[in-house]
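J.: Next input, structure requested:
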Amino acid sequence: MKIFKFFIFVFVMIFIFGLVLYSVKHLQENKVLRDIISRLEADTRVAEVLVTGVNYDEVKKKTFTTIKFLEYSSTGKPLIPKYFTFSGNIIQFQALVIRFDDKYIHYGDKLKGKSAYLFWKVFMLEGANTQTYDITEMYRVPEGYKLENAKTEIEEKLWRNFWVYALDPEMAKDGGIKNAQIEAPGVIFIPGMLYTIKIEHDGGLRIDASPIPTIFKNEPSLGTPK
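T.: Reported below is the predicted structural model:
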C-alpha cells in the first residue's frame, strides 16, 4: 500500500512539474506575442531617404544614383542606415500592408482598423534589367519590430507564422487577417531633397519631399556613403 501511495505521489509530482514547465513556456510565448502585437498597432511607419551620390559611368554610359535609406523602429528609434545604388533615379519602395479582421481578438485586445506595415523591397524598374534590393527578408523578423528582451527562437517562430498567414489568402482568413496587399510608391530622387516615407493608419503609403534643411547642406555624409 505504501509503495502504491509512493508511486501515486511521484506521478502527481511529475505531472505538476510538467504542468508548471508548460505554463511557464506558454506564458513566455504569449508575452512575446502581446509585445509584437503592441508594436504592430503603430499608426505610422516612417523612413527617410536622401541621395548621397550621383556618378556617371563612362563605360556603361549610365548615371548611377546612390540613396541612403534610414528606417525608424516602431518606437521611433533610427535603425542602421542602408545604402542602395541604382542605374537611374526613378526608385520605388515596396511595403507589405496587412489589415487584421475587426473580429480578431487576442487576450481581450481588438485590433480594429490596426494594420501591420513592413518595408519589404526597394527597386527600380528597367525591363529585364530591373534592380531589386531586399529591405526585409521573407520569414525574418523585421528590424523595426525586433524586441530587445524577447527569446530569439520564440520571436522568430511567431514572425515565420506571421509571414505565412499574411501571404496565403486562405490561411490569412483563419489567422484573422482581413487582407494583405503591396504598396509601392516611387518618385524621382534628386540631390538636395529629403524624402520622408509615411505609411498611414489606413494603409496608404506615400513619399513626401522637401529641401534638405540648410544646416545639413554640404555635410560630407550627404555626399559620400558610409
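
J.: For Met138, give me its contacts.
T.: Listed by Cβ atoms under 8 Å, 6 or more residues apart in numbering, the contact set of Met138 reads 163, 167. Heads up, the C-betas are built off the backbone N, CA and C, glycines and all.

J.: Are there helices or strands packed against the helix or strand harbouring Leu70, and which ones?
T.: Per DSSP states H and E: Leu70 is located in strand 62-71. Contacts defined by 3 or more Cβ pairs under 8 Å, 6 or more residues apart in numbering; DSSP states H and E place strand 62-71 against strand 45-57, strand 82-86.

J.: Any idea how many residues pack against the residue nearest to Val54 when sequence neighbours are not counted?
T.: When the adjacent residues along the chain are set aside, Val54 lies closest to Thr65, with 5.5 Å between them (Cβ to Cβ, 6 or more residues apart in numbering). Thr65 sits with 23 neighbouring residues when counted by other Cβ atoms under 10 Å.

J.: Contact partners for Thr65?
T.: 51, 53-54, 85-86, 88-89, 91, 189.

J.: Go through the residues you listed and name the one nearest Leu70.
T.: Of all the contacts of Thr65, Val51 has the smallest distance to Leu70: 12.9 Å, by Cβ to Cβ.

J.: Any figure for the gap between Thr214 and Pro169?
T.: 49 Å (Cβ to Cβ, to the nearest Å).

J.: same question, Asn55
T.: 43 Å.

J.: related to what we said a few turns ago, pick out the shakiest of the helices and strands packed on strand 62-71, pLDDT-wise.
T.: Lowest mean pLDDT within those: strand 45-57, a mean of 90.

J.: burial of Ala184, as a residue count?
T.: 14.

J.: which residues does the residue lying closest to it once chain neighbours are set aside bridge with?
T.: Distance criterion Cβ to Cβ, 6+ apart; nearest residue to Ala184, sequence neighbours excluded, is Gln94 at 4.3 Å. Beta-bridge partners of Gln94, counted by DSSP bridges, are Lys121.
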